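Asks: got a predicted structure here, sequence first:
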Amino acid sequence: MRFLEEVDVQTVHPRRRRVFRRGEEEVMVQWGLAGRRVDRGIWWTSIDVNGAYIVMAPSVEVLEVLEEQPPTSW
């Protein structure tokens, strides 16, 4: 992903703040559970619900899809 604008976000736990700058690149994911729709409006820095930085999709552009898998159940 490449950031299209400056984005100031923080994690849930532990509380950490990060500012992504315009032009910065980051590997991010979209994920979901089997049988449920994947939310395409947000991107995550990891699948760790508490530790991930969550960014709204209009703030980034996809450069390359590294891997694509259908949602699975836990």
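Replies: Here it is on my side, so go on.

Asks: could you find the closest non-adjacent residue to the residue most central in space within the chain?
Replies: Nearest residue to the geometric centre of the chain (Cα atoms, centre = their mean): Trp44, 1.9 Å. Leaving out its chain neighbours, the residue that sits closest to Trp44 by Cβ to Cβ, 6 or more residues apart in numbering is Ala52, at 4.4 Å. C-beta here means a position set from N, CA and C on the backbone, and glycine is covered the same way.

Asks: run through the strands of the chain in chain order.
Replies: 2-3, 7-10, 17-20, 42-44, 54-56, 60-61 (DSSP state E).

Asks: not counting sequence-adjacent ones, nearest residue to Asp8?
Replies: Sequence neighbours aside, Val19 is the residue nearest to Asp8 in space, at 5.0 Å (criterion: Cβ to Cβ, 6+ apart).

Asks: shaky segments in the chain?
Replies: For the chain, the stretches flagged by pLDDT under 70 are 73-74.

Asks: on that earlier part again, what about the residue nearest to Asp8, distance to Arg37?
Replies: According to Cβ to Cβ, to the nearest Å, Val19 and Arg37 sit 30 Å apart.

Asks: who has more neighbours out of these two?
Replies: Val19 (11 against 8; other Cβ atoms under 10 Å).

Asks: in contact with the residue nearest to Asp8: list those residues for me.
Replies: When contacts are counted by Cβ atoms under 8 Å, 6 or more residues apart in numbering, Val19 touches Glu6, Val7, Asp8, Val9.

Asks: let me see the contact set for the third one.
Replies: This points to Asp8. Shown in contact with Asp8 (Cβ under 8 Å, 6+ apart): Arg17, Arg18, Val19.

Asks: count the neighbours of the closest residue to Gly51 other than its chain neighbours for me.
Replies: Excluding its sequence neighbours, the residue lying closest to Gly51 (Cβ to Cβ, 6+ apart) is Thr11, at 5.3 Å. By other Cβ under 10 Å, the residues close to Thr11 number 18.

Asks: I'd say Thr11 and Ser46 touch.
Replies: No: the pair Thr11 and Ser46 fails to qualify as a contact (Cβ atoms under 8 Å) at a distance of 9.7 Å.

Asks: kind regards, and thank you for your time.
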